[in-house]
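S.K.: okay, predicted coordinates and the sequence, questions at the end:
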Amino acid sequence: MVAEAKRSLRKKISGYEVEETRITLGRAKEGNQPTVKEKVITKKHVAPDTAAIIFFLSNKLPSEFQNKHHHGGSISLEHKISDLTENQLNKIIDNVLGEHD
């Protein structure tokens, strides 16, 4: 299973080719068996998966590709959030985000 997971992740990171087959059936002149009227095989490229790339890089090279954002500063909450009014919550959010009116 691990080897299969690695192969699948490699495909998702690199992209891959896939074949699609479209078959059009028709009626036979004799009997009720359908016949193949047309068969079209199309090769398509599946693009690399950005989420798989981010997953791989953030796990293999965490010092270079961190999927975390660090915010400086600290917040002091003197009340339980459930005790605050919506207006008070909005003021705290504005202070945290640095959006002062």
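M.R.: Noted; the coordinates are in hand.

S.K.: CA atoms for contacts and neighbours, from now on please.
M.R.: Noted.

S.K.: where does this structure have low pLDDT?
M.R.: For the chain, residues meeting the criterion pLDDT under 70 lie at 66-84, 89-90, 92-101.

S.K.: what do you get if the cut-off is 90, keeping everything else the same?
M.R.: Scanning the chain for pLDDT under 90 picks out 1-3, 5-7, 9, 14, 25-37, 50-101.

S.K.: can you give me the strands for it?
M.R.: 16-27, 34-46 (DSSP state E).

S.K.: got the angle for the shortest one vs strand 34-46?
M.R.: Between the direction of strand 16-27 and that of strand 34-46, the angle (axes from the mean of the first three to the mean of the last three C-alpha atoms, to 10 degrees) works out to 160 degrees.

S.K.: figure out which of the strands of the chain is closest to residue 91.
M.R.: strand 34-46 (46.6 Å; C-alpha to C-alpha).

S.K.: and the contacts of the closest one?
M.R.: Contacts with strand 34-46, where a contact means C-alpha atoms under 8 Å, 6 or more residues apart in numbering, come from 15-28.

S.K.: buried stuff in it?
M.R.: Within strand 34-46, no residue is scored as buried using 16 or more other C-alpha atoms under 10 Å.
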